[in-house]
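**Q** dropping a prediction and its sequence here:
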Amino acid sequence: MSHPIDESDLGPFKLKPEWIGPCQRADVIDVNLGHTPEAFVRAVHCQITGKEPAPETISGWSKRLKTMPRTRRIDVVLALCGEENRKCKLAYSDPWESHPELTDPLVKKVKRDVGAVCMFFFNCPGEPNCGMDWANTHASGMNEQHPLLGFGDQRVGYYVPTHPGFWRRELIDAKYAGLDFLLLNTYGPDIENGKLKPLATALASLDDPIKIALFDDTWTWGQPYFSAAWKQKPDLNDTEAAAKLIYEMKWKPFFSQVDKRHWYRFKGKPFVYFYNGGTLLPRTRSAALITRLKAMFVADFQEEPFVDADSAYFDDPAMEKAADARYQWFTFNSHEHRSRSTLKGHVIDHAMVKWDAVGRERPRELPRQTDLIIKDASVFSRVLDQTRDSELLVIATWNDLGEGTGINRNYDYYFHGRWQRPDYFMQILRRSQGGR
């Protein structure tokens, strides 16, 4: 059984000195000021009003932060700003003194491989997908350059995939956490014209990096935000044309830009996750598409990929033969919080283990009773325990900041009334893969 780390164990991380004042109004409200719930509530109230809070204000909100797992620091800030009829501009400072490298090797003691979907559609600082208010936890390098993202002569960097430092950081941390591979969430425009070169540079800089797989995110097709090539939608009624379009624009350029020695292989085959973005129709023609995509891959790379397809594509009964595995992307509506595939004799699990998308979907609005907010490791630990018998577990995701599903290094994980170490979820996975 996996054992979550003691929340009082901060490991190599040390918090900055506690905030003690002075109490004064601020133009920008620092959401991350104050470590204990009491110090935080006082800090927020002082920044918003310039006045000391009433004792009942401190005790009431502190109790919620300690005992109500859905309550977040941002909720306290927004509530107090609302009471003052103030539209608050927000900032999110780093509460930690430093962020050390984490490189101790892991001795893997379980047979299960673990991979995670890695997002890389960021343009920090700024849009798309890198607003500080858009995320509910924050990776270093989102709003200012950080040493963790340095590479070569460039000592600091942003959390942006055009810089090798982004990739090096995620590769190193993912390996430390116990991952065997990252599935790169590929929309298509993000790999055009050799855009994966920074990844290749980062991979080449490491002695033994974790492996890379393709997550084909099909949402892009038909969207108006990209070049004309992506405004068209593959028509699955025309198998040959649809397969050629998808293969030439996504599968071939992806695997051509990643050296074969870095490909993750399941049962000896390059691994592909095929996602349902609601764009590829009719789904009753999915099997013919997958079969043709596999054939095109074999012709170019002389090996057949292992395709794990979204359950939506199994509207086509022939997918039972064409695909190698199936998964259900959203798993919180499952009693076990995971989906399991035993197709063709392989035991492959998929799970979402965190969720906090309220900041992205409804900026500056308090959570509702019906909102799904899972900040801690309760689901994650359960999934790790339940999948010890699987051959492969895919976690969704490693680093989706907007939906809050990531388990990567973030500097402001806060739950149960305290800051959690930046590698909190990484440590839990590491302990599980190490047999603990």
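**A** Happy to help now that I have it.
**Q** give me the contacts around the lowest-mean-pLDDT helix or strand in the chain.
**A** Lowest on mean pLDDT, DSSP states H and E among the helices and strands of the chain sits helix 358-361, with a mean of 84. Residues outside helix 358-361 that contact it (C-beta atoms under 8 Å, 6 or more residues apart in numbering): 74, 133-136, 365, 367, 371, 373, 402-404. The way it works is simple: take the backbone N, C-alpha and C, and place the C-beta from them, glycine included.
**Q** buried set for that helix?
**A** Buried residues in helix 358-361, counted by 16 or more other C-beta atoms under 10 Å: 358-360.
**Q** that one: what's the following helix or strand?
**A** Moving toward the C-terminus from helix 358-361, the next helix or strand (DSSP states H and E) is helix 378-386.
**Q** please name every helix or strand in contact with whichever helix or strand comes after that following helix.
**A** Past helix 378-386, further along toward the C-terminus, the next helix or strand under DSSP H and E is strand 392-395. Packing partners of strand 392-395 (3 or more C-beta pairs under 8 Å, 6 or more residues apart in numbering; DSSP states H and E): strand 113-118, strand 348-351.
**Q** partners of the last one in the sheet?
**A** Going back to what we said before, that points to strand 348-351. strand 339-341 (antiparallel), strand 392-395 (parallel) (DSSP bridges).
**Q** need those in CSV with distance to residue 214 and mean neighbour count, can you?
**A** Listed next are those as CSV, based on distance: least, C-beta to C-beta, whole Å; neighbours: other C-beta atoms under 10 Å:
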stretch, distance to residue 214, mean neighbour count
strand 339-341, 18, 20
strand 392-395, 13, 27
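**Q** save those strands as TSV, and put in mean pLDDT and distance to residue 289 too.
**A** Formatted as TSV, the strands paired with strand 348-351 follow (pLDDT from 0 to 100; distance: least, C-beta to C-beta, whole Å):
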stretch	mean pLDDT	distance to residue 289
strand 339-341	98	19
strand 392-395	98	21
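**Q** a markdown table for these, including distance to residue 328?
**A** A markdown table is the format used below for those (distance: least, C-beta to C-beta, whole Å):
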| stretch | distance to residue 328 |
| --- | --- |
| strand 339-341 | 4 |
| strand 392-395 | 11 |
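**Q** ranges for the helices of the chain?
**A** 37-49, 55-67, 73-83, 164-177, 197-204, 228-231, 239-246, 252-257, 286-301, 319-322, 358-361, 378-386, 424-433 (DSSP state H).
**Q** so what touches the first one?
**A** The one in question is helix 37-49. Residues contacting helix 37-49 (C-beta under 8 Å, 6+ apart): 18-26, 29-31, 33-34, 51-53, 57-58, 61-62, 65-66, 73, 76-77, 80-81, 84, 86, 88, 417.
**Q** avg pLDDT for that helix?
**A** For helix 37-49, mean pLDDT rounds to 98.
**Q** got the buried residues for that helix?
**A** 37-49.
**Q** quick check, nearest of those residues to residue 351?
**A** Using C-beta to C-beta, residue 37 comes nearest to residue 351 of those, at 30.4 Å.
**Q** any idea how far the closest one lies from residue 18?
**A** Relative to residue 18, residue 37 is positioned 12 Å away (C-beta to C-beta, to the nearest Å).
**Q** repeat for residue 256
**A** Distance check for residue 256 against residue 18: by C-beta to C-beta, it reads 52 Å.
**Q** do the same with residue 396
**A** For residue 396, the distance to residue 18 equals 36 Å [C-beta to C-beta].
**Q** what about the two, which has more around it?
**A** Taking neighbours as other C-beta atoms under 10 Å, residue 396 and residue 18 compare with residue 396 leading, 24 against 13.
**Q** report the contact partners of that one.
**A** 116-117, 329, 331, 350-352, 405.
**Q** in PyMOL, how would I select the buried members of these?
**A** A single PyMOL command selects the buried members of the contacts of residue 396 (16+ other C-beta under 10 Å):
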select buried, resi 116+117+331+350+351+352+405
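**Q** count of residues packed around the closest residue to residue 404 other than its chain neighbours?
**A** Leaving aside its sequence neighbours, residue 404 sits nearest to residue 356 (C-beta to C-beta, 6 or more residues apart in numbering; 2.9 Å). Residue 356 is flanked by 24 other residues according to other C-beta under 10 Å.
**Q** in this structure residue 356 contacts residue 367, no?
**A** No - counting by C-beta atoms under 8 Å, residue 356 stays clear of residue 367, with 9.1 Å between them.
**Q** joint contacts of the two?
**A** Common neighbours of residue 356 and residue 367 (C-beta under 8 Å, 6+ apart) are 72, 373.
**Q** compare the helices and strands packed on strand 392-395 and give me the one nearest residue 124.
**A** strand 113-118 (15.2 Å).
**Q** give me the residues contacting the closest one.
**A** 170, 174, 178-185, 213, 215, 264, 266, 271, 273, 391-400, 407, 429, 433.
**Q** okay, domains of the chain per the record?
**A** Domain segmentation of the chain under automatic domain parsing yields 28-91, 113-433.
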